[in-house]
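Enquirer: Test case, fold it:
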Amino acid sequence: MLLYIHGFNSSPLSEKGLVTAQFMAEFYPDIIFHQPQLPSDPTDGMTLLSSIVELALAKGEALTFIGSSLGGYYVSYLVEKYGGRGVLINPAVKPFELFDEFIGPQYNPYTDEHYQVVAKHKDDVKEFNTQVILNPDRFLVLLQSGDEVLDYRQAVQKYHCCQILLEAGGDHSFIGYEEKLQRICQFLFLDK
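Expert: Now for the predicted structure:
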């Protein structure tokens, strides 16, 4: 099973989400691919993700993950809790430190959803923090130094013991992501 987890205020309809779905359908059609739309509430989102993972484990499926931004933060938690392998794309390292600037009304352009970020969400997100990566061999981290949303140096520090691909320039969307999908899948599936 591959679980793709989008970032804050995003969706499976983002460019990375669509490109990933198309790539999986074309090159890995035998891999069960999940790409849920996360609820805006972080606890509800993790409940949904955990239920997908636990169902896959009950079926004996291998766990693999791709997470972008906040999705990368969630992947770190899920891999450390349940096992498997994860690829993180410009991951959020301490998103709870950024939540204050988002408190209030929000709009998701992909889902046309209007919702509220409340102070409790900051604490909820903090519950999923993995302060130390205990299984560094399970992670591949893709970073671009031009990320205008997150400081890539935080990810370099946190994931220093993992495989890291750091590119100069780029942006938060990770320019050229589609060109990395073969390497991503090789890491995740070990060329089954």
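Enquirer: part of a strand, is residue 60?
Expert: No: assessed with DSSP: H, G, I helix; E, B strand; the rest coil, residue 60 is coil; it does not lie in a strand.
Enquirer: what's the distance between it and residue 137?
Expert: 22 Å (C-beta to C-beta, to the nearest Å). C-betas here are computed from N, CA, C, even on glycine.
Enquirer: Kindly report the same for residue 189.
Expert: Residue 189 is 15 Å from residue 137, by C-beta to C-beta.
Enquirer: Which one of the two is surrounded by more residues?
Expert: When residue 189 is set against residue 137 and neighbours are counted by other C-beta atoms under 10 Å, the residue ahead is residue 189, at 15 against 10.
Enquirer: SS state for residue 50?
Expert: Residue 50 - assigned by three-state DSSP - is helix.
Enquirer: Excluding sequence neighbours, find me the nearest residue to it.
Expert: Residue nearest to residue 50 in three dimensions, not counting chain neighbours: residue 78, with 7.5 Å by C-beta to C-beta, 6 or more residues apart in numbering.
Enquirer: pLDDT wise, what is that neighbour at?
Expert: Model confidence at residue 78, expressed as pLDDT, equals 98.
Enquirer: residues in contact with it?
Expert: In this structure, residue 78 makes contact with 3, 49, 50, 53, 63, 65, 84, 86, judged by C-beta atoms under 8 Å, 6 or more residues apart in numbering.
Enquirer: was I right about the second one contacting residue 5?
Expert: Yes: look at residue 49 against residue 5 with C-beta atoms under 8 Å: they come within range, at 6.6 Å.
Enquirer: List the residues that are in contact with both of those two.
Expert: Listed as contacting both residue 49 and residue 5 by C-beta under 8 Å, 6+ apart are 36, 38, 74.
Enquirer: what's the first one in contact with, if anything?
Expert: Contacts were defined as C-beta under 8 Å, 6+ apart; by that measure residue 36 touches 3, 5, 12, 48, 49, 52.
Enquirer: just these now: which is nearest residue 180?
Expert: Proximity of the contacts of residue 36 to residue 180, judged by C-beta to C-beta, is greatest for residue 5, which lies at 16.7 Å.
Enquirer: Having no further points to raise, I will conclude here.
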